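>>> return atomic coordinates for the entry below.
(one chain, ligands or ions: 2)
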Amino acid sequence: MAPCASNQNSKRHVSGEKETERSVCQWSRKRRSHRRPMPWFGMDIGGTLCKLVYFEPKDITRDELDSEIEILRNIRKYLTKHSAYGKTGHRDMHLQLDNVPLRGRRGTLHFIRFPTCEMGNFLALAKSKGMATLVTTVSATGGGAYKFENDFRKEVNLKLAKFDEFDSLISGIQYIDTHNPNECYYWANPTEMEKCSKSSYDFSNPYPFLLVNIGSGVSILAVYGPNNYKRVTGTSIGGGTFLGLCCLLTGCNTFEEAIELAAGGDNTNVDKLVRDIYGGDYERFGLPGDLVASSFSAVCSFGQMNSREKRSKVSREDLARATLVTITNNIGSIARMCALQEHIDRVVFIGNFLRVNPISMKMLAYAMDYWSNGTMKALFLEHEGYFGAVGCLLRFNGHD
Ligand SMILES: Nc1ncnc2c1ncn2[C@@H]1O[C@H](COP(=O)(O)OP(=O)(O)O)[C@@H](O)[C@H]1O
Ligand SMILES: CC(C)(COP(=O)(O)O)[C@@H](O)C(=O)NCCC(=O)O
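Numbers count the residues shown, from 1 in each chain. Ligands and ions are numbered 1, 2, ... in the order given. Next up, the predicted model:
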């Protein structure tokens, strides 16, 4: 965790720019499509993954189609016909949003991701598709919008219009939730694993909410209104930590593999539980016996004759599960304390750490519910890692 939230962090942020003070709806109304040439992209270049959102216009007139230059048509075809790009790019087809309005146009939003470390290959591919011959600007957010700005200009002749990642996250959430009725959900009956199931949540009155973005690291924002939020705190122990530790401990190579291993493992072979220390519950302070008392410590009780034997029985699956449980519990605990401090009872968890990861979502749902005696609710959003990219796509007015 950051040693101390800086003044900048703890000050409530109200954007000074006139344009960013307006709501997303006003944004879409005021912008005229002709002011910004196609193609329309929004990019969130994060510490681990680059998220690319592409708007495919579906209301193209005959005249427009006839005058559309070939490169533009080919880019559109290439992006929309494939679901894999090179070795590491993926289009999340299940997230595609059809018939959505954007800056006076109607079309489909496509959601594409690739590892940020592949940026060199991405730029080479973009160049090979003719992007360098289009004089255009791409909206970008995330740390990589700054880090890679020169590479974009040099390699593909693209200017980046840079937007703040948290401003973008919040407007992206607002827009997607408005246009996708099934965006927000929660896990019903989180304290009973057999009954725990995904249920739709009406998030049309969202404020205030706590936003926990679990990316490479974790940022926690208290959001009071469309343009009124503050960054409460953050922690460096996030999705990147899970993946890094899991790879080191189990020899796995991908996030998907790490999650699959964790699904087949048992963290109680690795962690020390309250009952391992108390012989049962620690009733006075409400700590149940099956609560993890100390992560990873069942295998390293120095002095205990059997610790070596215990270690030899631990599987890769157990290690992956214990890593997932440790990181998730830590994030849940910090999120809960922030929610208490801010007097907010709805906690929205987003970020690609939650991708294909129901174990962590259910744990977070359980933790919020159990430790708040049912007064706090954990919420989740289907487009978990893509809000920054959507938000910056919405914010670009075509003049930067
Ligand atoms: N295909 C993937 N490759 C790498 N990490 C992934 C993948 N899918 C999910 N993740 C998880 O998502 C995290 C990155 O989340 P993301 O929200 O994209 O953050 P960032 O903006 O920092 O890249 C990784 O640290 C990892 O835990
Ligand atoms: C620096 C970041 C905002 C970058 O975002 P990310 O690429 O991790 O999504 C994030 O990693 C973060 O908030 N880290 C925690 C820093 C801290 O408060 O300790």
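>>> what residues does stretch 366-381 touch?
Contacting residues not belonging to stretch 366-381 are listed as 173, 176-177, 183-187, 190-191, 196, 201, 203, 209, 329, 332-333, 335-336, 339, 345-350, 354, 361, 364-365, 387 [Cβ atoms under 8 Å, 6 or more residues apart in numbering]. Backbone N, C-alpha and C define where each C-beta goes, glycine included.
>>> return only those of these found close to ligand 2.
Applying Cβ under 6 Å from any ligand atom to the contacts of stretch 366-381, one finds that nothing falls near ligand 2.
>>> make a ChimeraX selection of the buried ones in those residues.
Of the contacts of stretch 366-381, the buried ones go into a single ChimeraX selection, burial set by 16 or more other Cβ atoms under 10 Å:
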select :173,176,177,183,184,185,186,187,190,196,201,203,209,329,332,335,336,339,346,347,348,349,350,354,361,364,365,387
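>>> in strands only, show me the contacts of stretch 366-381.
Taking DSSP state E, the ones among the contacts of stretch 366-381 that sit in strands are 184-187, 209, 346-350.
>>> what's the most distant pair in these?
Of all pairs drawn from the ones in strands among the contacts of stretch 366-381, the widest gap by Cβ to Cβ lies between 187 and 209 and measures 16.7 Å.
>>> quick one, what contacts the nearest residue to residue 346 once chain neighbours are set aside?
When the adjacent residues along the chain are set aside, residue 346 lies closest to residue 209, with 4.6 Å between them (Cβ to Cβ, 6 or more residues apart in numbering). Residues near residue 209 by Cβ under 8 Å, 6+ apart: 223, 344, 346-348, 379.
>>> count of neighbours near the closest residue to residue 83 other than its chain neighbours?
Nearest non-adjacent residue to residue 83, counting by Cβ to Cβ, 6+ apart: residue 91, 4.6 Å away. Burial of residue 91 is recorded as 20 neighbouring residues (other Cβ atoms under 10 Å).
>>> wait, residue 235 touches residue 215, no?
No - under the criterion of Cβ atoms under 8 Å, residue 235 is not in contact with residue 215, lying 11.4 Å apart.
>>> give me the beta-bridge partners of the residue nearest to residue 346?
Here residue 209 sits in beta bridges with residue 223, going by DSSP bridges.
>>> where is the longest helix in the protein?
Selection of the longest helix in the chain by residue count, based on DSSP state H, yields helix 316-342.
>>> now check that helix, is it near ligand 1?
No - using Cβ under 6 Å from any ligand atom, helix 316-342 never reaches ligand 1; the gap is at least 8.7 Å.
>>> for that helix, buried residues please.
By neighbour count with 16+ other Cβ under 10 Å, helix 316-342 contains the buried residues 316-332, 334-336, 338-339, 342.
>>> on that earlier part again, which of residue 235 and residue 215 has more neighbours?
Per other Cβ under 10 Å, whichever of residue 235 and residue 215 has more neighbours is residue 215, with 23 against 19.
>>> ramachandran coordinates for that one?
phi -110, psi -130 (degrees, to the nearest 10).
>>> nearest residue to it in space, please, no chain neighbours.
Here the nearest residue to residue 215 in space, its sequence neighbours aside, is residue 351; by Cβ to Cβ, 6+ apart that works out to 4.6 Å.
>>> I'd like to know how many residues surround the one you found.
What residue 351 shows, counting by other Cβ under 10 Å, is a neighbour count of 26.
>>> that one contacts residue 217, correct?
No - taking contacts as Cβ under 8 Å, residue 351 lies outside contact range of residue 217: 9.6 Å.
>>> which residues are in contact with each of those two?
With the criterion set as Cβ under 8 Å, 6+ apart, the overlap between the contacts of residue 351 and residue 217 is residue 238.
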